[in-house]
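*Asks:* coords please:
(one chain, ligands or ions: 1)
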Amino acid sequence: MSAMPEMQPQDLLNAATQGLQIRDFNAGYPKRHVIRHLNVPMLPRGKITVLLGPNGSGKSTLLRSLAGLNRAEGQLFLDGHDLMPMPFARRAEQVVYLPQTLPAGVHLHVLESIIVAQRASGGKGKVSEGTDKVMTLLRQLGIEHLALSYLDQLSGGQKQLVGLAQSLIRQPSLLLLDEPLSALDLNYQFHVMDLVRKETQKRNIVTVVVVHDINIALRHGDRVLMLKDGNLIADGEPEDVITADSLARVYGVRGRIERCSQGTPQILIDGLVGDPEI
Ligand SMILES: Nc1ncnc2c1ncn2[C@@H]1O[C@H](COP(=O)(O)OP(=O)(O)OP(=O)(O)O)[C@@H](O)[C@H]1O
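*Replies:* Residues are numbered from 1 along each chain as shown. The predicted structure follows:
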């Protein structure tokens, strides 16, 4: 049996400090507290964390607050450095938030819009090199053919894919994706999560994704955080968090997780809590 390579002190230190830690975090709006005293132990780099919860549970508020776009207080340590006191521009160099929909009325074509995003985050070098990178990313996303189409003439799903390209080109340390699959067909959903995983691992990003589809969380999440009414109800590996009990408590549904013939866990819903069982 070959011996495990010994971890060097620096590796141990990195493992303990590399990633995002959320401490006593509160967030909301002038007349409405939404996220209350949230504490999340290290969300590691190179992994996908899926944020689940019913409508109105605070997922978007949390993501926007992590990006510095919402009122918030508490501590957010990225690799040991607190993001909260940082000027917004400095925080935005490391943290990228992709909202559910791109802003309307932007009359740029796709290629221009992604080069603008790249330049805004400090991307330098020759324009031709920037264009090559963007075209590679568009090819990976399967939307190379849209490079010269105008943003305001794209379908909802095409806009989502362009938004993802704008986010990835900025090479963030913390990538926050708010329902990036909601307008995508099944093929693109799979393709996008596959690409997000590869980029997360290759660039060692802390990625947090909001989805409503429990099967996506089961299949693509390394870790799941489940919110209800702004409170963290569960945190752990997908199959430890997504259980009949948490589905009942958080979503009010009677459900179970079963493995398909290929071994992939999937959710089956039998009804609502309180319905007569058949
Ligand atoms: N701009 C705002 N001002 C005041 N309250 C808001 C604002 N935006 C959202 N809220 C409230 O904050 C709470 C959490 O909303 P949030 O959008 O974060 O939920 P969510 O979990 O992302 O929901 P969904 O799954 O429906 O997108 C809701 O009660 C909502 O009404």
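*Asks:* list the buried ones in the longest helix along the chain?
*Replies:* If you go by DSSP state H, the chain has its longest helix at helix 186-202. Within helix 186-202, the residues that count as buried by 16 or more other Cβ atoms under 10 Å are 188-189, 191-193, 195-197, 199-200. All C-beta spots, glycine's among them, are computed from the backbone N, C-alpha and C.
*Asks:* what about the residue lying closest to Gln94 once chain neighbours are set aside, how many neighbours?
*Replies:* Leaving aside its sequence neighbours, Gln94 sits nearest to Ser173 (Cβ to Cβ, 6 or more residues apart in numbering; 4.4 Å). Counted by other Cβ atoms under 10 Å, the residues lying close to Ser173 total 19.
*Asks:* same question, His145
*Replies:* 10.
*Asks:* output the below-cut-off pLDDT ranges for the chain.
*Replies:* 1-7, 10-16, 122-129, 277-278 (pLDDT under 70).
*Asks:* how about the residues of it that lie near the ligand?
*Replies:* 29, 32, 34, 53, 55-61 (Cβ under 6 Å from any ligand atom).
*Asks:* element containing the residue positioned nearest the centre of the chain, please.
*Replies:* With distances taken as Cα atoms, centre = their mean, Val209 lies nearest the centre of the chain, 2.3 Å away. According to DSSP states H and E, Val209 maps onto strand 206-210.
*Asks:* who does that strand pair up with?
*Replies:* strand 47-52 (parallel), strand 174-178 (parallel) (DSSP bridges).
*Asks:* please state the offset of the next helix or strand after the longest one from the chain centre?
*Replies:* If I follow you right, that is strand 47-52. Once the chain leaves strand 47-52, the next helix or strand it forms, by DSSP H and E, is helix 59-66. Distance, stretch centre to chain centre, for helix 59-66: 11 Å (Cα atoms, centre = their mean, to the nearest Å).
*Asks:* stretch 45-56: end-to-end distance?
*Replies:* Length of stretch 45-56, first residue to last, Cα to Cα, to the nearest Å: 28 Å.
*Asks:* the nearest residue to Leu66 once chain neighbours are set aside: neighbour count?
*Replies:* For Leu66, ignoring the flanking residues on the chain, the nearest one in space by Cβ to Cβ, 6+ apart is Leu176 at 5.8 Å. By other Cβ under 10 Å, the residues close to Leu176 number 26.
*Asks:* try the one 4 residues further on
*Replies:* Around Pro180 there are 24 other residues, counting by other Cβ under 10 Å.
*Asks:* residues in contact with it?
*Replies:* 98, 160, 163-164, 192, 196, 209 (Cβ atoms under 8 Å, 6 or more residues apart in numbering).
*Asks:* that one belongs to a helix?
*Replies:* No - Pro180: not assigned to a helix; according to DSSP: H, G, I helix; E, B strand; the rest coil it is coil.
*Asks:* residues touching the biggest strand by length in the chain, excluding its own?
*Replies:* If you go by DSSP state E, the chain has its longest strand at strand 32-44. With contact meaning Cβ under 8 Å, 6+ apart, strand 32-44 is reached by 16, 18-28, 49, 58, 61-62, 65, 72, 74, 206, 208, 223, 225, 230-232, 235.
*Asks:* restricted to buried residues, select the residues you listed in ChimeraX.
*Replies:* Those of those that count as buried under 16+ other Cβ under 10 Å are selected in ChimeraX with:
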select :18,19,20,21,22,25,26,27,28,49,58,61,62,65,72,74,206,208,223,225,230,232,235
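*Asks:* filter the contacts of strand 32-44 down to the ones in strands?
*Replies:* 19-28, 49, 72, 74, 206, 208, 223, 225, 231-232, 235.
*Asks:* who's Val210 bridged to?
*Replies:* Leu51, Asp178.
*Asks:* if I read this right, it contacts Asp178, doesn't it?
*Replies:* Yes - assessed by Cβ atoms under 8 Å, Val210 is found in contact with Asp178 at 5.0 Å.
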